[in-house]
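Enquirer: give me coordinates for this.
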Amino acid sequence: MATQAAPSPAAEKVLEKLIVNFTVLSPIHIGTRDGSLLPMEFLYDGQRVHVVDEAKLGRFLMERNLMDDFVHQAFSGHLRRKGLGKFLEEKARGTDFKKIGPAVAAYSVPGGGPDMSDFRPFVRDGFGRVYLPGTSIKGVLRTAFLYGAMKAELTGSGEARHPREAQVNQWIQKLQNEHKKERAKKFLSAPLQKEVLQSWDIAGKANDQNRDILRCLKVRDAYPVNGKVETRVIPIQFLSKKPDGSHYWSQKPKGKGDLVVWVEAVTAGTFQTEILWDHELWRMFLKENRSKKAPASTVKGVLLLADRMNRDIAEHEKAFYTARGEPQGGFLKSWYEALGGSIFRIGFGSGMLSTTVNLLWSESLRQRIRNVCGLHRGTDPAPKSRRVWVKSKQECLPMGWARIRIVEDEGPDKKSAAPAPSVGGQAQKSTDKERASGAPEDPIQGLPETRRQKRASSATSAAEASRTAGMEEARKQPPKAPTPPHHGPVGGAAMPVPSKGLVEKAKTVSLTDKIAMERLFKEMERADEVLARKAAEVLKDRMQRQNLWKSTPFQVSIQEYLD
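Expert: The predicted model follows:
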C-alpha cells in the first residue's frame, strides 16, 4: 500500500471539513426502503406521475361515496391489477381526470408511461425533499478507499494478476459450497474489508466496527443547491453484451418484450454536502498501528481516491461498449470518450464494478465471482449488462454519474458551485495531456481551504501554523492575500464580523430549506453575539407560529444562541 504522506496543515486540525458539490451528468436514482410503489399507490395522467397521499385520497373517496367500492376492489385484488388510475377513471365520472392527480397527490413528478405497472421513487426526507443520503456517499468513498489500498498492492509488483487473487479464489471456493446464494452475495467482500479496513488496533476497542479506519470519515446528507434539482420518472433498460462483442436488450421472462424498470431519477442539478475527517481519531489509530499504511488521511485524499477509481471504471466502460448490435452501444462509447474532469458514481445502476473492487481482478476471476455469487452466465463478460436510459433515438445515458467539485466557503452570500466544464472541453484536453505525459492526476488539488478550515487551524500554535502553512502553500500555489480572521483570538479578544441585515434574513429565510438555513447559521457564527441572538429569537418565533419548532432539525442550533 502507499506510504503515509508528510503531515499537512489539514492534519493539525481536529476536524477537517470540506464543502463538496455533486453536479448530475447522467440520471441518478437512490431508492427508498420500501422499494417500488404499486399501481394502487400512484396514478399516471399521461404526462405526470402522482404519488398518492393516503389522507387526501381518503377524503376524495369519501366525498364521492367511493370508499366501499375502493376497499372491496383492494381486498379482491382487482385494484392491484388494474391500478388506481383505471379505478378512478371508471368510478369518478364527471370529474376531470387531469385534476384528480393533484387533488390526491403528496407530490407529482413528470414522466412515466401507460405501461408502467410500478416504479421506484427517489428517497426523500421528512419535508418531502430529494437528497443524496450521506450513507450512500460514504459507501462510494468506502469502496474507493478499499480500492485504493488494494491497487497500491498491485503497483510496481510486475505481476499480470493482483497478488490477492489466489486468496480471493479460496474464498470463492468456500462460498461455492454454500447453498444460500444470498448469504454468499452479502458476505463476499467481508473478508477483504475486515483485513484491510477493520483491523486497525485502537486502545480499549476490540470489535471490528470500532477498529474500522473509516470511522474517521463522516459524510452529511447532500441537498440540492438552492433547493432545486430536476427529477423524472424514466424507463431503465438493460443493455447486454455477447462474447462476440455485440450488444442486445435483455428480455422479460418468456420473451414478453424488453426488460424495463421505471425509476424516479434526478436528471439535472447540483447537490451539496459537507465531508469531514476526524484527525484526533486518526492520530489515535496511528499511535497503535505504526507499521500500517493507508491510501489517504484527509478528506481531499479520500475524494481523490474516489475520482481515480471512477476514472478506471470509466475507461473500462469505454472499452466495454462497441458499435456492434444495438446502436446504443456506440452512443454510450462516445459518451464515455467525452467524459472528463473529476467524476463520481452513485446509486442504482452503478453496477458491480462501482460497488466492489472487482475491477482489480482478472476477467476470469470476475466471471467466477459472478457465476458463484450471482447468476451463472458462463464465459459471458462480467458484468455483461448495463442499466441505461434511452433518452432519444440519438442519445443514451448510463446511470449514476456526477461531476465532483470542492467549493470554497466564502460565506452565505458568496458561496456558489464551481461550474462543471463542458463535456469534451478544455478540462478534457488537459486531462488527456496529463495521461499522455504520465503526470499524476490531481484535479481536486490546489483549491483553497474553506474559511471553516482556516478558523480551525488558528487553534494551533501561531508559529507552527505559519511554518507548515507557509511551506505547503509555497509548494502548491502562489501566495495569496491573507483572509481576515473571524472568531479567532486577536490580541486576546474576539473580533466579530458585523453582518448587515442578519435579522431581516432570519425573517425571510425558508425554514425548511436546509442549505439556506445552514448558510444563515454560518453568518450567525461570525456575527455580533447580540445580533445573532436576535436572529435566533426570530427563527424560533417563526417556527413556533408555523408549528415547526418540535420537528425542526435546527432546534439545537437555534437554542444555543438563546441559552
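Enquirer: spell out the secondary structure type for the residue positioned nearest the centre of the chain.
Expert: Residue closest to the average C-alpha location in the chain (Cα atoms, centre = their mean): I137, at 3.9 Å. When classified by DSSP: H, G, I helix; E, B strand; the rest coil, I137 comes out as helix.
Enquirer: correct me, but it touches T273?
Expert: Yes: with contacts counted by Cβ atoms under 8 Å, I137 reaches T273, the gap being 6.5 Å. Any C-beta I mention is one placed from the backbone N, CA and C, and that applies to glycine too.
Enquirer: pLDDT weak spots in this structure?
Expert: The chain contains residues with pLDDT under 70 at 1-13, 94, 155-160, 178-188, 205-209, 255, 408-500.
Enquirer: just to revisit the earlier point, from Q272, how far off is the residue nearest to the centre of the chain?
Expert: Separation of I137 from Q272 (Cβ to Cβ, to the nearest Å) stands at 11 Å.
Enquirer: find residues that contact each of those two.
Expert: A222 (Cβ atoms under 8 Å, 6 or more residues apart in numbering).
Enquirer: quick one: D307 from F320, how far?
Expert: Distance from D307 to F320, by Cβ to Cβ: 20 Å.
Enquirer: hmm, I was thinking of E41
Expert: 36 Å.
Enquirer: do E504 as well
Expert: To F320, E504 is 55 Å away according to Cβ to Cβ.
Enquirer: the more surrounded of these two?
Expert: Shown here are E504 and F320; by other Cβ atoms under 10 Å, F320 has more neighbours (20 against 11).
Enquirer: need the contact list for the more buried one.
Expert: Contacts of F320 by Cβ under 8 Å, 6+ apart are K241, P381, R386.
Enquirer: surely the last one is in contact with F238?
Expert: Yes: with contact defined as Cβ under 8 Å, R386 counts as touching F238 (7.2 Å).
Enquirer: which of the two has more residues huddled nearby?
Expert: When R386 and F238 are compared for neighbours, R386 comes out ahead with 24 against 18, by other Cβ under 10 Å.
Enquirer: neighbours around the closest residue to D312 other than its chain neighbours, how many?
Expert: Closest residue to D312 apart from its sequence neighbours, by Cβ to Cβ, 6 or more residues apart in numbering: L359 at 6.0 Å. Neighbour count of L359, defined by other Cβ under 10 Å: 17.
Enquirer: now do V14
Expert: Close neighbours of V14, defined as other Cβ under 10 Å, add up to 12.
Enquirer: ok, and the closest non-adjacent residue to it?
Expert: Nearest residue to V14, sequence neighbours excluded (Cβ to Cβ, 6+ apart): E280, at 5.1 Å.
Enquirer: repeat that for L79.
Expert: Q73 (4.2 Å).
Enquirer: name the residues contacting each of I137 and T273.
Expert: Common neighbours of I137 and T273 (Cβ under 8 Å, 6+ apart) are V219, A222.
Enquirer: for Q546, give me phi and psi.
Expert: Main-chain torsions, Q546, degrees, to the nearest 10: phi -100, psi 10.
Enquirer: swap in P110?
Expert: Phi and psi for P110, reported as degrees, to the nearest 10, are phi -70, psi 160.
Enquirer: contacts only, for it.
Expert: Contacts of P110 by Cβ under 8 Å, 6+ apart are Q47, R48, V49, T231, R232, V233.
Enquirer: so which of the residues you listed is the most crowded?
Expert: Highest count within the contacts of P110 by other Cβ under 10 Å belongs to V49, 26 neighbours.
Enquirer: distance of A306 relative to A296?
Expert: 10 Å.
Enquirer: now K174
Expert: 31 Å.
Enquirer: could I get the contacts of P110 as a markdown table with distance to Q544 and secondary structure?
Expert: Shown next, in a markdown table, are those (distance: Cβ to Cβ, whole Å; DSSP: H, G, I helix; E, B strand; the rest coil):
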| residue | distance to Q544 | secondary structure |
| --- | --- | --- |
| Q47 | 40 | coil |
| R48 | 35 | strand |
| V49 | 36 | strand |
| T231 | 32 | strand |
| R232 | 37 | strand |
| V233 | 38 | strand |
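Enquirer: closest to A527 among those?
Expert: Distances from A527 to these, taken as Cβ to Cβ, are shortest for T231 (35.9 Å).
Enquirer: just to check, the closest one is in contact with V130?
Expert: Yes: counting by Cβ under 8 Å, T231 touches V130, with 6.1 Å between them.
Enquirer: intersection of neighbour lists for the two?
Expert: Both T231 and V130 are in contact with F122, V266, where contact means Cβ under 8 Å, 6+ apart.
Enquirer: domain ranges for the protein?
Expert: Following automatic domain parsing, one finds the domains of the chain at 9-29+133-426, 39-110, 502-562.
Enquirer: chain center to the first one: distance?
Expert: Chain-centre distance of domain 9-29+133-426: 10 Å, with Cα atoms, centre = their mean, to the nearest Å.
Enquirer: same deal with the shortest one?
Expert: Relative to the mean C-alpha coordinate of its chain, domain 502-562 is positioned 28 Å out (Cα atoms, centre = their mean).
Enquirer: quick one: end-to-end distance for it.
Expert: End-to-end distance for domain 502-562, by Cα to Cα, to the nearest Å: 16 Å.
Enquirer: surely R403 is in a strand?
Expert: Yes: counting by three-state DSSP, R403 is located in a strand.
Enquirer: what's the distance between it and F344?
Expert: According to Cβ to Cβ, R403 stands 8 Å off from F344.
Enquirer: neighbour count winner among these two?
Expert: F344 (26 against 23).
Enquirer: which element follows the helix or strand hosting the more buried one toward the C-terminus?
Expert: Assigned by DSSP states H and E, F344 belongs to strand 343-345. The helix or strand immediately downstream of strand 343-345 is helix 352-355, counting by DSSP H and E.
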